[in-house]
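S.K.: After the sequence you'll find the predicted model.
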Amino acid sequence: MPCRFVGLLVAIVVASVAVPSARALDTSDLSGWWIAIDRAFPTPWERGDIVAMEELLIVSSDGHAENRGMGFYAPDCMPGGACTDAPLIATARLTLRGDLLTVSDRKESRGRINNEKADPAIRRIAVTGTPAWAATLDKNFLILRATTGNATRALARIEPNRLRRLRAGLMIIEQSAARHWRCFFANATANDPAFAALVDRTFARIASERRLAELYNKWFLRRLPTGETLNLPISPQLEEIFRMLGQPE
């Protein structure tokens, strides 16, 4: 599947996950490593405002969290002099009760994250920069919507060593992270059974709501947030799949 198509499918799934959890959530449900899969960081790196990096949220079972960036450079090669490939953005205490996630005891790092001009904005858009979120957790996918304002964040839980291997793989083949990381990551994640199950559930729900054609037109025919227009009319084969899923012609 072409890279851009994978990325757009991820975007459709992220935009459509809104199924409440079957039981009341608590802080321990957040335990693990989370990587952002939304547009919060790619947008500034595509503008050239920052060096390509992803956002990590590392959460212990008691809610202590480290909010970090993940770079694609050797530890001693960060432009601007930073000496880590996972610079600390902030530490905080996360508390999850039901669907309300609160951030407290936040302490911003004093070290360089990306570059001096952009660092304040990075701290502001990071997950721990918002004091309260409405949270939806679907197994290993977390959708956060700010309780004030219109910010929405999406994160995927990932096993740390798997993330390290994926990052190392991109660096070994010496490909531009800004151009290729999201495609690389999306393809690897799409092969994960948990992600595949989420895609299946999401598309089944979208079909039941009769929104497949609407979403296709949004991502493949209309202007994208980047300003591009793919202008890819739906194929007869995909039309038939939509019909079989219950989408009206």
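M.R.: The structure has been received and is ready for your questions. Residues are numbered from 1 along each chain as shown.
S.K.: could I get stretch 25-34 in CSV with only the CA atoms?
M.R.: Extracted C-alpha coordinates of stretch 25-34, given in CSV (Å, rounded to 0.1, in the frame of the first residue of the first chain):
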residue,chain,number,x,y,z
LEU,A,25,-10.7,3.8,33.5
ASP,A,26,-8.1,4.6,36.1
THR,A,27,-4.5,5.8,36.2
SER,A,28,-3.0,2.3,35.9
ASP,A,29,-4.6,1.9,32.5
LEU,A,30,-2.1,4.5,31.2
SER,A,31,1.0,2.6,32.2
GLY,A,32,3.5,2.1,29.4
TRP,A,33,5.2,4.0,26.5
TRP,A,34,3.0,6.1,24.3
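S.K.: buried stuff in it?
M.R.: Residues of stretch 25-34 classed as buried by neighbour count (16 or more other C-beta atoms under 10 Å): 25, 27, 29-30, 33-34. (C-beta placed from N, C-alpha, C; glycine too.)
S.K.: Quick check: the farthest pair among those residues?
M.R.: 25 and 33 (18.0 Å; C-beta to C-beta).
S.K.: Now residue 87, what are its backbone angles?
M.R.: phi -60, psi 140 (degrees, to the nearest 10).
S.K.: Low-confidence stretches in this structure?
M.R.: Where the chain drops to pLDDT under 70, the residues are 1-23, 73-84, 171-174, 189-207, 209, 219-220, 224-228, 230, 232, 234-249.
S.K.: ok, which stretches of it are strands?
M.R.: Using DSSP state E, the strands of the chain run over residues 32-36, 53-59, 64-71, 88-97, 100-108, 132-138, 141-146, 152-157.
S.K.: what ranges do the helices span in the protein?
M.R.: Along the chain, counting by DSSP state H, helices occupy 3-16, 42-47, 119-125, 160-172, 177-190, 193-208, 212-220, 236-244.
S.K.: Export the strands of the chain to TSV and append columns for distance to residue 179.
M.R.: Listed next are the strands of the chain as TSV, based on distance: least, C-beta to C-beta, whole Å:
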stretch	distance to residue 179
strand 32-36	18
strand 53-59	14
strand 64-71	15
strand 88-97	24
strand 100-108	30
strand 132-138	29
strand 141-146	25
strand 152-157	21
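S.K.: I'd like to know how many residues surround residue 186.
M.R.: Number of residues near residue 186 (other C-beta atoms under 10 Å) recorded here: 22.
S.K.: Kindly apply the preceding question to residue 121 instead.
M.R.: Residue 121 has 15 nearby residues by other C-beta under 10 Å.
S.K.: In space, what's closest to it - neighbours in sequence excluded?
M.R.: Leaving aside its chain neighbours, residue 121 sits nearest to residue 44 (7.1 Å; criterion: C-beta to C-beta, 6 or more residues apart in numbering).
S.K.: who's in contact with residue 95?
M.R.: Shown in contact with residue 95 (C-beta atoms under 8 Å, 6 or more residues apart in numbering): 27, 63, 101-102, 104.
S.K.: One more pass at 6 Å, please.
M.R.: The contact partners of residue 95, by C-beta atoms under 6 Å, 6 or more residues apart in numbering, come to 27, 63, 102.
S.K.: The last one reaches residue 132, doesn't it?
M.R.: Right, the one you point to is residue 102. Yes: assessed by C-beta atoms under 6 Å, residue 102 is found in contact with residue 132 at 5.1 Å.
S.K.: of those two, who's got more company?
M.R.: residue 102 (18 against 15).
S.K.: beta partners for the more buried one?
M.R.: Taking DSSP bridges as the rule, residue 102 bridges to residue 95, residue 132.
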